[in-house]
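K.L.:
Just the structure for this:
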Amino acid sequence: MDWKQKITYKYNTADTLEKLIGINVILFILTFVFRTLGFLFQIPADFFVEWLVFPKSLLEFAYKPWTIFTYAFMHSGIFHILSNMLILYFSGKFFLTYFSGKRMLNLYFLGAICGALIYALSYNLLPAFSGTGKSYLIGASASVMAILVAVATQAPNLQVKLVFLGSLKLWWIAAFLVVLDVVQIPMSNPGGHLAHLGGAGIGYLYTTQLNKGNDIGSWLQSFTDWFAEFFQPKTKKSHMKTVHKNSKNKKSASPSRTDNQKKIDKILDKISKSGYDSLSKEEKDFLFKAGKDM
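P.N.:
Take a look at the predicted model:
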């Protein structure tokens, strides 16, 4: 298997979370490539970034409307992307235990939208930002906070093992990060911290409404379905003849949806009591498969 086949195989077998991280990393690399080209050809170094980050100016946003999504895949430095991707990876793994990849994608974009709206409204309406010149929002933090808070709302008592700190409940971690954002608003990067809070708010609302039967991200479905084509493994069409099996055999060969749900509930109870690490490999694989089929 050559390197092209390895990349293709990895792409086809990656889940939504891995591909979200991949897009963030690729755009981060492209940022530095374009900055180098800008230096060599003596053109504005950040022309690539400026077309993808979210502006505070509503007039500028009017002719760059895509930035309400694209800014959430851009980062300003190595620590910025590293911290965001680490939190996205761990919170995303838990999220996929309870929800599907499509819902993760919906919430990622919902977090980006809410973070950008809070940022724009704050910078255009609050007196504290009246003297601010040009300003832009960049980073996946609002989307990441949306996913973290959403899963912490769904499973607040989930035990998470952290180096040097031992086991902590998931809601403690989410609450700490939210409080940290509130405390840092008057210190530095106020627009960024306000955007994080917008993402956290929509994450909490998303889960609470979903548990009531209301999917507040459903209006984004047509857009995310289009975007998700990038996330779907490409499979070759089969030329095999279709065989119609006896419905009775099919019913006896696979467990019913009710049996599957009972097994899922039993595993989720085990996670709440003993943490995700207490699951066997078979249980983790079953949850992962069930999450993709939701």
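K.L.:
Can you give me the pLDDT of residue 236?
P.N.:
pLDDT recorded at residue 236 is 45.
K.L.:
Over to residue 16?
P.N.:
84.
K.L.:
pretty sure it contacts residue 105?
P.N.:
Yes - applying Cβ atoms under 8 Å, one finds residue 16 in contact with residue 105, separated by 5.8 Å. Backbone N, C-alpha and C define where each C-beta goes, glycine included.
K.L.:
contact partners of stretch 114-123?
P.N.:
54, 56, 58, 61, 67-68, 71-72, 129, 132, 135, 137, 141-143, 145-146, 190-192, 194-199, 201-202 (Cβ atoms under 8 Å, 6 or more residues apart in numbering).
K.L.:
swap in stretch 167-184?
P.N.:
Residues contacting stretch 167-184 (Cβ under 8 Å, 6+ apart): 94, 145, 148-149, 151-153, 155-162, 193, 196-197, 200, 275.
K.L.:
residues of it that come out buried?
P.N.:
169-171, 173-174, 177-178, 181 (16 or more other Cβ atoms under 10 Å).
K.L.:
I'd like the distance between residue 175 and residue 61.
P.N.:
Per Cβ to Cβ, to the nearest Å, residue 175 is found 32 Å from residue 61.
K.L.:
need the contact list for residue 223.
P.N.:
Residue 223 touches residue 109, counting by Cβ under 8 Å, 6+ apart.
K.L.:
Can you show me the CA trace of the one helix or strand it maps to as CSV?
P.N.:
Using DSSP states H and E, residue 223 sits within helix 221-227. Output of helix 221-227 as CSV, limited to C-alpha atoms (Å, rounded to 0.1, in the frame of the first residue of the first chain):
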residue,chain,number,x,y,z
GLN,A,221,-29.6,20.2,7.9
SER,A,222,-29.6,21.0,4.2
PHE,A,223,-26.4,22.9,4.5
THR,A,224,-24.6,20.3,6.7
ASP,A,225,-25.9,17.5,4.4
TRP,A,226,-24.2,19.3,1.5
PHE,A,227,-21.0,19.9,3.6
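K.L.:
Please tell me how far that helix is from the chain's geometric centre.
P.N.:
A distance of 15 Å separates the centroid of the chain from that of helix 221-227, by Cα atoms, centre = their mean, to the nearest Å.
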